[in-house]
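Student: Have a look; sequence and predicted model below, questions after that.
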Amino acid sequence: MSEDERLVAEVEVVDDLTARSRCDEGFLRLRRFLLRNRYTDGSVSEPYRCDVLSRRSVDAVAVVLWHRGDDGKVYVHYREGTRAPIWLRRLKQDELPCKDARPYDRIGEIVAGVLEEEDDGPAGVLRRGAIEAKEEAGYEVDPRRLELLGREGFFPSPGVTDEKVYLCAAEIDPAERGEAAGDGSVQEEGTRMLCLPLGEAIRACRDGRIPDAKTELGFLRLADHLSYLPQLDLFADALPPALRERYDRLGL
């Protein structure tokens, strides 16, 4: 059975270990602090509780894989698989103030993975990005072919977790795709690779077909990096001269 045929049909809760587990163990760790703010005028706040979700490898890299088709369009490649925390939202729809418009059986996401201790500095981010491109998508990518999308990373949910995600991109040849071995975890099983034109992929993020924030941000940063204007479906060099002079890439 091929990768694209073996998809997750259901996530079954075998046991709920919450009450029997410590919050400072496991892949994700919850730290519970009692904090106090000190202000510039010398005053201090009342103590307040703050929970921080973290892990041993705090930060991550996400990679936008792309190629230019014979039609001149830019195509992006992403994975679609089941994410158990999102799948389980269906069990608490009655508790949500805004019900989900659809069940999230699968979530589209660009290739991503956590940074390890040896992934030091920007070069380490690109190194890990190349490893994840091979593990999750089957593409052998020279780290020197990856480019950072933005000088800094971003915080996906700063009120909850201290994770920072770094975005980068690599141009690939779809014909050179090999086996995506994964990292051996069950959570990487039952996935498939998909490909869309960049403009359509951005629209899919906006209309909810690809409801992953880092993926939408990655697609938008790639568009800026390539001087592609998705609203017009053209590149900046195709603008009239007067507009071309005013065009300014936001990327650094």
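Tutor: Arrived safely.
Student: Convert the C-alpha atoms of stretch 59-69 to PDB, please.
Tutor: Only the C-alpha atoms of stretch 59-69 are listed here, as PDB (Å, rounded to 0.1, in the frame of the first residue of the first chain):
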ATOM      1  CA  ASP A  59      12.600  25.900  18.800                       C
ATOM      2  CA  ALA A  60      11.700  24.600  15.400                       C
ATOM      3  CA  VAL A  61      12.300  25.100  11.700                       C
ATOM      4  CA  ALA A  62       9.600  24.900   9.000                       C
ATOM      5  CA  VAL A  63      10.500  24.600   5.300                       C
ATOM      6  CA  VAL A  64       8.600  25.700   2.200                       C
ATOM      7  CA  LEU A  65       9.400  23.300  -0.600                       C
ATOM      8  CA  TRP A  66       8.700  24.800  -4.000                       C
ATOM      9  CA  HIS A  67       9.300  24.500  -7.700                       C
ATOM     10  CA  ARG A  68       8.600  26.500 -10.900                       C
ATOM     11  CA  GLY A  69       6.400  24.600 -13.300                       C
END
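Student: in it, what counts as buried?
Tutor: Going by neighbour count (16 or more other C-beta atoms under 10 Å), the buried part of stretch 59-69 is 59-67. All C-beta spots, glycine's among them, are computed from the backbone N, C-alpha and C.
Student: Same question for stretch 46-57.
Tutor: Buried-residue list, stretch 46-57, by 16+ other C-beta under 10 Å: empty.
Student: what does that stretch rub up against?
Tutor: Stretch 46-57 is contacted from outside by 27-36, 114-117, 160-163, using C-beta atoms under 8 Å, 6 or more residues apart in numbering.
Student: how about a cut-off of 7 Å?
Tutor: Contact partners of stretch 46-57, identified using C-beta atoms under 7 Å, 6 or more residues apart in numbering, comprise 27-36, 114-116, 160-162.
Student: Closest to residue 187 out of these?
Tutor: Nearest to residue 187 among those, counting by C-beta to C-beta, is residue 27 at 10.1 Å.
Student: Quick check: closest non-adjacent residue to the most centrally placed residue in the chain.
Tutor: Closest residue to the average C-alpha location of the chain: residue 214 at 3.8 Å, with C-alpha atoms, centre = their mean. Among residues not flanking residue 214 along the chain, residue 62 sits closest, at 4.9 Å (C-beta to C-beta, 6 or more residues apart in numbering).
Student: Who are the contact partners of the one you found?
Tutor: So residue 62 contacts 110-112, 165, 167, 214, 218 (C-beta under 7 Å, 6+ apart).
Student: bridging residues for it?
Tutor: Legend: beta-bridge partners of residue 62 under DSSP bridges are residue 112, residue 167.
Student: From residue 202, how far off is it?
Tutor: 16 Å (C-beta to C-beta, to the nearest Å).
Student: Residue 119 too?
Tutor: For residue 119, the distance to residue 202 - C-beta to C-beta - is 29 Å.
Student: Then residue 25?
Tutor: Distance from residue 25 to residue 202, by C-beta to C-beta: 40 Å.
Student: Any stretches of the stretch 1-150 of the chain with poor pLDDT?
Tutor: Regions of the stretch 1-150 of the chain meeting the criterion pLDDT under 70 cover residues 1-5.
Student: show me where it has helices.
Tutor: Secondary structure of the stretch 1-150 of the chain (DSSP state H, counting those that start in this stretch): helices located at 84-87, 121-132.
Student: And the contacts of the shortest one?
Tutor: Applying C-beta under 7 Å, 6+ apart, the contact partners of helix 84-87 are 11, 104-105, 107.
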